[in-house]
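A.B. asks: build me a model from this:
(one chain, ligands or ions: 1)
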Amino acid sequence: MYAVTGATGHLGQLVVEALGKQKPASQIVALARDPAKASELNKSAGSVRAFDYDKPETLRSALEGITKLLLISSNAMGRRTAQHKAVIDAAKAAGVELIAYTGILHGEKSPINLGKEHHDTERHLKQSGLRYVFLRNGWYIENYVAFLKSALANGVFPASASNGRISAAGRADYAEAAALSLIQDDGSTERVYELAGDTPFTLSEFVAEASRQANKPIHYKNLPEADFAALLTKFGLRPHLAAELAQSSSATAQDALFDDSRALSKFIGHPTTPYNQVIASALRALT
Ligand SMILES: NC(=O)c1ccc[n+]([C@@H]2O[C@H](COP(=O)([O-])OP(=O)(O)OC[C@H]3O[C@@H](n4cnc5c(N)ncnc54)[C@H](OP(=O)(O)O)[C@@H]3O)[C@@H](O)[C@H]2O)c1
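C.D. replies: Model prediction:
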């Protein structure tokens, strides 16, 4: 029996859908803190169970009968290590055989500060004695696409990534890999995948392509990390989150998100979706 946490999130929905293409609904459980929302969003799942990382006492019973679990990292920055630890401990107690966890590209070698909670989770998972898969995901192309609406309005796309190369991939490709990592369980004790897109781009290239497709002028503006953090705060992000995102952008300038292993496309058996296609569908959605 397969289960996916965060099934109502962007990635979770896609993983449940990918599992549904290969497994019957009766073998798929969507785990979500809002089961009503999950029933609405996860049509490929045969059942839905309440699963809130912040309610550790409820997690073990929710995992009864689950053999393969995808733990999608939480978005509650600063509280994630404790949340993930609660899930791993409950999974062990419930007899789960395998946990796949969505971490960060290059694991403990990543200079991105957001990686710290991922390393701590990976360490705990290793120590748990459970069999595990580390899905070390690069950035989603959708992270950049999210800025296009305001970039089109203002003509400026700000960040601190300079000319760093970014091997981002679309969420759907990472989701396919996550589903496969559970389905193609060969009994290994540990598997580690460094997952990234086939075609790296700089943000100047990304912005030029968006500008070309939208037929509107946008230019990439490189900002010092502190200025970018201040701008993100002005956009409404909490200062701590803005600082973390600005730091990840400035680490990108040093190629922190570059990877040419093509492990993702090798694993899913087809090229990753190029960024121009992700831009095209985002622009269609904006009009
Ligand atoms: N690689 C990247 O570029 C990148 C970018 C951003 C984030 N991430 C990481 O990847 C994860 C998945 O990405 P995403 O795009 O799917 O993010 P997302 O849409 O924000 O989904 C996060 C999911 O976590 C769930 N969640 C949050 N707190 C929870 C709790 N206490 N108990 C149970 N579930 C909880 C949310 O539930 P609700 O639906 O109820 O809110 C949601 O389903 C993120 O959470 C983050 O750790 C990666």
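
A.B. asks: neighbours around the residue nearest to residue 187 when sequence neighbours are not counted, how many?
C.D. replies: Nearest non-adjacent residue to residue 187, counting by Cβ to Cβ, 6 or more residues apart in numbering: residue 131, 7.8 Å away. Any C-beta I mention is one placed from the backbone N, CA and C, and that applies to glycine too. Neighbours of residue 131 under the rule other Cβ atoms under 10 Å: 18.

A.B. asks: residue 44 now?
C.D. replies: Counted with other Cβ under 10 Å, the neighbours of residue 44 add up to 17.

A.B. asks: and for residue 89?
C.D. replies: When counting by other Cβ under 10 Å, one arrives at 15 neighbours for residue 89.

A.B. asks: which parts of the stretch 101-250 of the chain sit against the ligand?
C.D. replies: 102, 137, 139, 140, 143 (Cβ under 6 Å from any ligand atom).

A.B. asks: so the residue nearest to residue 187 is in contact with residue 190, correct?
C.D. replies: Yes. Residue 131 lies in contact with residue 190 (Cβ atoms under 8 Å); the separation is 7.1 Å.

A.B. asks: just give the nearest non-adjacent residue to the residue in the stretch 1-150 of the chain that the ligand sits nearest to, would you?
C.D. replies: Residue nearest to the ligand within the stretch 1-150 of the chain (Cβ to the nearest ligand atom): residue 9, separated by 2.3 Å. Leaving out its chain neighbours, the residue that sits closest to residue 9 by Cβ to Cβ, 6+ apart is residue 72, at 6.4 Å.

A.B. asks: repeat for residue 24
C.D. replies: Per Cβ to Cβ, 6+ apart, closest to residue 24 is residue 46, 7.3 Å.

A.B. asks: show me where the chain has strands.
C.D. replies: Secondary structure of the chain by DSSP state E: the strands cover 2-4, 28-32, 47-50, 68-71, 98-104, 131-137, 156-159, 190-195, 219-222.
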